[in-house]
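Undergrad: Structure of the sequence below:
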Amino acid sequence: MSLQQMFARYARDLPAAELIWIGIRPERKQPMQALDQVYAWQGSGLEGDHRCSKTSGSARQVTLISAEFISQIGLYCGIPEPDPGTLRRNLVVRGINLNALRYQQFRIGEALFEATALCHPCSRMERALGPGGVAAMLGHGGLCCKILKSGEIKLGDQLEVLYKQPALF
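TA: Here you go, the predicted structure:
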């Protein structure tokens with residue numbers, strides 16, 4: 001059985017997860033801007049994000065992290081409540097085992113996404129979180145995603161996993 005099939009078994013029974021933070025970077029290396037809503041463009045990224053024009057067809061059009069991962073990173077770094085913008089991920093959701101979303105398709109608001117690869121921390125996290133920041137994020141950096149269908153997403157939208165029946169043997 002493939003990883004995708006195993007994750008799909010878990011995904012069908014997931015409780016509702018909620019989008020609690022949206023952020024874009026209008027320019028490279030600039031601070032994140034928190035938004036209440038944004039338009040997700042199929043095959044490109046989030047409107048206003050500098051990567052939107054650069055990621056056509058890329059597996060990393062949007063980055064996603066969970067509030068639970070952020071809490072874990074904060075625990076490891078000694079930061080009670082890290083600001084999501086510090087971690088430079090686009091979307092923060094709450095209420096899901098994020099790593100089980102890998103290889104799955106899901107909807108947030110009007111947009112359809114597919115989780116692709118793990119989103120590994122970069123060396124900038126050492127400055128942002130302090131010494132050990134990269135190590136604190138290992139395994140908790142979230143996921144990279146592709147946008148399969150354009151649409152508006154907004155704070156409070158539910159993350160709905162689109163369960164696909166796994167093939168039997």
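
Undergrad: helix or strand right after the helix or strand that contains Leu112?
TA: Element membership for Leu112 (DSSP states H and E) is strand 111-118. Moving toward the C-terminus from strand 111-118, the next helix or strand (DSSP H and E) is helix 124-129.

Undergrad: Show me the residue at the heart of the protein, geometrically.
TA: The chain has Leu64 as the residue nearest its centroid, 0.6 Å off, counting by Cα atoms, centre = their mean.

Undergrad: Give me the secondary structure label for Tyr103.
TA: coil (DSSP: H, G, I helix; E, B strand; the rest coil).

Undergrad: pretty sure Ile108 contacts Val161?
TA: No. Ile108 sits out of contact with Val161 when judged by Cβ atoms under 8 Å, with a separation of 10.6 Å. In short, each C-beta sits where N, CA and C put it, glycine included.

Undergrad: And these two? Which one has more around it.
TA: Ile108 (25 against 22; other Cβ atoms under 10 Å).

Undergrad: Which strand residues bridge that one?
TA: Ala111, Leu159 (DSSP bridges).

Undergrad: is it true that Ile79 lies in a strand?
TA: No. Applying three-state DSSP, one finds Ile79 to be coil, outside a strand.

Undergrad: Leaving out sequence neighbours, find the closest residue to it.
TA: The shortest distance from Ile79 to any non-neighbouring residue, by Cβ to Cβ, 6 or more residues apart in numbering, is to Leu129 (6.7 Å).

Undergrad: now the protein, which segments are flagged as low pLDDT?
TA: For the chain, residues meeting the criterion pLDDT under 70 lie at 1-15, 54-57, 163-169.

Undergrad: and if we set it to 50?
TA: 167-169 (pLDDT under 50).

Undergrad: quick one, strands of it?
TA: Here the chain has its strands, by DSSP state E, at 17-24, 33-35, 37-41, 45-46, 62-66, 91-94, 105-108, 111-118, 143-149, 151-154, 158-162.

Undergrad: list the helices and strands the first one packs on?
TA: In this case it means strand 17-24. With contacts defined as 3 or more Cβ pairs under 8 Å, 6 or more residues apart in numbering; DSSP states H and E, the packing partners of strand 17-24 are strand 33-35, strand 37-41, helix 84-87, strand 91-94, strand 151-154, strand 158-162.

Undergrad: and if you look at the shortest one?
TA: Identification of packing neighbours for strand 45-46 by 3+ Cβ pairs under 8 Å, 6+ apart yields strand 37-41.
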